[in-house]
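Undergrad: sequence and predicted structure are below.
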2 protein chains.
Amino acid sequence: MENKLIKHQFILEILDKYKVIWSLNHLGALGSWDLSVYMPEEGAGARGEALGKVATLSQKLFLDKEFTDLIKKADKEKDLNDYERAIIRMLKRSLKYYEKLPPEFIEEFLRVVSESQIAWKKAKEQDNFSIFEPYLERIVELTKKKAEYLGYVEHPYDALLDEYEEGLTVKEVEKYFVSIKQPLIDLIKHIKNSKKFRREHELEKQEYNIEKMKKLNDKMLNFIHYNMNHIRIDVSSHPFSISLGKGDVRITTRYEGHDFARSYSSTIHEYGHALYEIQSHDDLHYTPIAGGSSLVIHESQSRFWENFIGKSKGFISLMYNDILEVEDKFKNFSIDEIYDYVNLVKPSLIRTESDEVTYHLHIMIRFEIEKALIEGKIKVSDLPKIWNDKYEEYLGIRPTNNREGILQDVHWSQGSIGYFPTYSLGTALSAMWKHHIEKDLGNIEDILKTKEGIKKIQDWLKENIHQYGSTYMFRDLVKKTTHEEFSSKYLLDYLEKKYKEIY
Amino acid sequence: MENKLIKHQFILEILDKYKVIWSLNHLGALGSWDLSVYMPEEGAGARGEALGKVATLSQKLFLDKEFTDLIKKADKEKDLNDYERAIIRMLKRSLKYYEKLPPEFIEEFLRVVSESQIAWKKAKEQDNFSIFEPYLERIVELTKKKAEYLGYVEHPYDALLDEYEEGLTVKEVEKYFVSIKQPLIDLIKHIKNSKKFRREHELEKQEYNIEKMKKLNDKMLNFIHYNMNHIRIDVSSHPFSISLGKGDVRITTRYEGHDFARSYSSTIHEYGHALYEIQSHDDLHYTPIAGGSSLVIHESQSRFWENFIGKSKGFISLMYNDILEVEDKFKNFSIDEIYDYVNLVKPSLIRTESDEVTYHLHIMIRFEIEKALIEGKIKVSDLPKIWNDKYEEYLGIRPTNNREGILQDVHWSQGSIGYFPTYSLGTALSAMWKHHIEKDLGNIEDILKTKEGIKKIQDWLKENIHQYGSTYMFRDLVKKTTHEEFSSKYLLDYLEKKYKEIY
């Protein structure tokens, strides 16, 4: 079958060879998915062996001279189209990591990270930072080394940011955080002074039947999505989405048994990620630019669905009868009350349960700590105090234990330093999309008055974002679609307007 | 960690290299499992691509000169122990297939088989043999070619039998079928003349609630198995079992919504396969002899659990209260009546639903047809008539359509010719194990009077069969464990005794 997007024979030749690596990635992704959802407990050792061996094999195939020569030759060609250029860009990016990081370093890093996760889990369970401390020290040390291997122009943390968002720099992230910090602090002050402000909503404590909640999530997914033959939903303790390729995208969600908005929001958040992968152009499948690789764009999609659809009054109205099916006591709450519940703003300790407004302060704290660690300005042993001080300063509340403090996130134990900023940037980008969708299609609350409105939004996202997969880097895509530079303006406008209405 | 079974450094070196191939097999097996149980429908294309590419990659790694040289060198060593020798035997076996079958042939075979399965499905749905006929002709032609490539001493069908059961020959299979044919025909005659004989049991038509039936299968598995952390059960249209390696073995079962013995028997049958893999010696994991590769031994395990445990009065008594939970109307049936239902003997058209006695005649018919096809003595176009004539001759009933006749089995569309005889031989072998277990532990009906009895049986099977994985070929294992040659005697004795008691 002819590929409509990729024309040059030498690119097709590269893609043909790449298909073997794609196949290993596909089965590796399935292996990770299964590990989180269905694998029998005692299968962990065998799975770890297989995934490790296959990752090494994949690297070996990538570094095969015949393959790298083809990439380097294609890179010199002048008349590539955007898709073709992006394919070479992404392959070179992988090549850079494989070539710059010595195999012994990768091996050591993976070993430390694997041990660290166990130590972190134990430390969190026992609320004892000292169990995790030596591992985190080792991770910080290795991460600094990684930055040196990878190289950077201005700041070692730039090399780390680039791993998660191609080309992102400390300078940009700081400029962005400066732009949102004071307005958010002011908005939180306004909310806390409102008569409507409350530290807890009744529905947070309300328990639900997990089987019935599953039905709600199924119904919601069936309602918003237009084809259930290429998506599935399962359960895992940390929700995620994963694309296995054409016609096969999977999400997971969680069920705590109370505070149903967590499960509901996780589901629609992951759906946002999934839709990006699903609506990628058919001819990009089996290539390195199928689906999204920019974490900022990806998060802009998940947050779009989570916040602008899932937390809108229009969507809550559409789902209201189904929500009532979950639990008899839900019947005591009107649409407006459920709207208030899912949009409750209050400074809190746990990032993953935080609201749209305070969320960014959680991210800022992590960014500041990571940067200072890489600069060597703070010590790992001082982290519990530094963390708690920052929470007190930014959010006005102080963790009383490390479980709700420095030990709450899994990221550092996984060796992911430089990841957090993409969460906040992605959320800001989602507000830009919202603005432009509303310019093109009208107010989202109005669009959501009918089910057809959802399809219109999906089509807009496909047309303007999804179809391109990873063809464009995030700033370029923003410019192409919105004819503007990326900015935090729309996020602040949206939060200001929405929450001054509620509070 | 030291390997207690494998001592020679050069074997450990081979196994170290083999681990990459094992890893591909592991993820490939997961890919097949997922395809049957959870994969979204539209993911089939991508999965097919990935599995195909990975199979080719696996072959390439296997044929790497460095690896094959190590195998060939080890093969010349004299003082290998049984495990080490078996590892080399199994690797040479794979090598033989990779070396003898030209890649273009494998590719063509896979392509034809993939198209044939679609054609077969359509032909079966429409009850139209002519849709499948040209594909089956092509498969027979390619299979004859395959036999020539692989080579044989006496009969081309020997080369095909060997694919499924190492070293099995037409001569042996014929000798075996001759030994059981007349006794079975006589026994069926006796049963049909019995006053108790009936064409249908009330419970066959009795519908059940699928969710409740799932609970029964879960309870049964929890009851018989001693560790649920290394096994799981899911649903698929054709039940199967698959081992992904240490600590991860999976079975599937089916739910038609009526005739509950089908679901119940499938579950315990697949459990028998799974237990063989689970109880393989720990130090054989990641090697080519972990778990069973002889289909005869494997089937002897599944049939052992299906027939001697699942259909025993002792086990039905143990499960009786749980069976009654499935459906109110089951309460009308006593333990004895349920025993009669699961042990109902009657000539029927569908192999997968046939009883212990008539089962072997179904297999015989398939063997005779396959052999004659390979010999060129019959034509594919004549098959519907030949099939129906044989059913009339052997079972006294004639299919009225091809769906219940020549089109009923998936095997030929998958290119599996030479597979069927292992079903019957494995069943005969299961009766040999039964005899020897009873010699060592006492009557199975007595053993099943307590739950601990089940563990005793599992331990016996581990000690005498499972722990060895594929170390011994089937005849050798039989001799080692029973000090006898394989024979059909115990199968005939068992059937004679059991069914003359019932009828």
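TA: Thanks, I have the structure now. Numbering: from 1, shown residues only, chains lettered A, B, ... in the order given.
Undergrad: so what does A:Pro40 look like in phi/psi?
TA: phi -60, psi 140 (degrees, to the nearest 10).
Undergrad: was I right about it contacting B:Ile233?
TA: No - counting by CB atoms under 8 Å, A:Pro40 stays clear of B:Ile233, with 10.5 Å between them. Just so you know, the C-beta spots here come from the backbone N, C-alpha and C atoms, and that holds for glycine as well.
Undergrad: where do the contact lists of the two overlap?
TA: With contacts defined as CB atoms under 8 Å, 6 or more residues apart in numbering or on different chains, the residues shared by A:Pro40 and B:Ile233 are B:Arg250.
Undergrad: more crowded one of the two?
TA: B:Ile233 (22 against 18; other CB atoms under 10 Å in any protein chain shown).
Undergrad: which helices and strands does the helix or strand containing that one pack with?
TA: Using DSSP states H and E, the element containing B:Ile233 is strand B:231-235. Judged by 3 or more CB pairs under 8 Å, 6 or more residues apart in numbering or on different chains; DSSP states H and E, strand B:231-235 is in contact with helix B:210-224, strand B:248-253, helix B:261-278.
Undergrad: possible to save these as CSV with mean pLDDT, mean neighbour count and distance to chain A?
TA: As requested, those are exported to CSV (pLDDT from 0 to 100; neighbours: other CB atoms under 10 Å in any protein chain shown; distance: least, CB to the nearest CB, whole Å):
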stretch, mean pLDDT, mean neighbour count, distance to chain A
helix B:210-224, 97, 17, 11
strand B:248-253, 98, 25, 3
helix B:261-278, 98, 24, 10
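Undergrad: got a markdown table for those, with distance to B:Ser381 too?
TA: Formatted as a markdown table, these follow (distance: least, CB to CB, whole Å):
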| stretch | distance to B:Ser381 |
| --- | --- |
| helix B:210-224 | 41 |
| strand B:248-253 | 36 |
| helix B:261-278 | 33 |
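Undergrad: between these, which one is closest to A:Ala290.
TA: strand B:248-253 (29.3 Å; CB to CB).
Undergrad: list of residues touching the closest one?
TA: Taking CB under 8 Å, 6+ apart as the rule, strand B:248-253 contacts A:39-40, A:42-43, A:46-47, B:33, B:36-37, B:217, B:230-236, B:239-244, B:263, B:266-267, B:270-271, B:273-274, B:277-278.
Undergrad: follow-up on the earlier one: closest to A:Lys455 out of the helices and strands packed on strand B:231-235?
TA: Judging those by CB to CB, what sits closest to A:Lys455 is helix B:210-224, at 33.5 Å.
Undergrad: quick one: the closest one to strand B:231-235, angle?
TA: Angle, helix B:210-224 to strand B:231-235, by axes from the mean of the first three to the mean of the last three CA atoms, to 10 degrees: 160 degrees.
Undergrad: how many neighbours does A:His238 have?
TA: 10.
Undergrad: state the distance from it to chain B.
TA: According to CB to the nearest CB, to the nearest Å, A:His238 and chain B sit 19 Å apart.
Undergrad: state which helix of chain A is the longest.
TA: Using DSSP state H, we find that the single longest helix of chain A is helix A:9-37.
Undergrad: what's the spacing between it and its chain's center?
TA: Taking CA atoms, centre = their mean, to the nearest Å, one finds the center of helix A:9-37 at 21 Å from the center of the full chain.
Undergrad: and it, what does it pack against?
TA: helix A:44-62, helix A:65-75, helix A:82-100, strand A:241-245, strand A:248-253, helix B:9-37, helix B:44-62.
Undergrad: looking at A:Pro412 now. What's its pLDDT?
TA: For residue A:412 the amino acid is Trp, not Pro. Among the per-residue scores, A:Trp412 shows a pLDDT of 97.
Undergrad: what of A:Lys121?
TA: A:Lys121 carries a pLDDT score of 91 in this model.
Undergrad: please apply the same query to A:Thr450.
TA: At A:Thr450, the pLDDT value in this model is 84.
Undergrad: next, it: phi, psi?
TA: Torsion angles, degrees, to the nearest 10, at A:Thr450: phi -130, psi 160.
Undergrad: I'd say A:Thr287 and A:Arg89 touch.
TA: No - look at A:Thr287 against A:Arg89 with CB under 8 Å: they stay out of range, at 11.8 Å.
Undergrad: among those two, which residue is more densely surrounded?
TA: Taking other CB under 10 Å, A:Thr287 and A:Arg89 do not tie; A:Thr287 has more neighbours (28 against 17).
Undergrad: what residue in the stretch 401-503 of chain A comes nearest to chain B?
TA: Closest to chain B within the stretch 401-503 of chain A is A:Gly469: 14.9 Å, counting by CB to the nearest CB.
Undergrad: right, I mislabeled it, should have said the stretch 51-200 of chain A
TA: Counting by CB to the nearest CB, the stretch 51-200 of chain A gets nearest chain B through A:Lys53, at 3.9 Å.
Undergrad: got a list of what that residue touches?
TA: Taking CB under 8 Å, 6+ apart, one finds B:19-20, B:22-23 in contact with A:Lys53.
Undergrad: same list (the residues you listed) but as TSV, adding neighbour count, pLDDT and distance to A:Asn443.
TA: Shown next, in TSV, are the contacts of A:Lys53 (neighbours: other CB atoms under 10 Å in any protein chain shown; pLDDT from 0 to 100; distance: CB to CB, whole Å):
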residue	neighbour count	pLDDT	distance to A:Asn443
B:Lys19	17	97	58
B:Val20	21	97	56
B:Trp22	22	98	57
B:Ser23	28	97	53
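Undergrad: and the furthest pair within those?
TA: Pairwise over these, using CB to CB, the maximum falls at B:Val20 and B:Trp22, 7.2 Å.
Undergrad: point to the residue nearest the middle of chain A.
TA: A:Glu299 (4.6 Å; CA atoms, centre = their mean).
Undergrad: that one and A:Leu425 touch, don't they?
TA: Yes - if you go by CB under 8 Å, A:Glu299 and A:Leu425 touch, sitting 7.5 Å apart.
Undergrad: so for these two, which residues contact both of them?
TA: In contact with both A:Glu299 and A:Leu425: no residue, using CB under 8 Å, 6+ apart.
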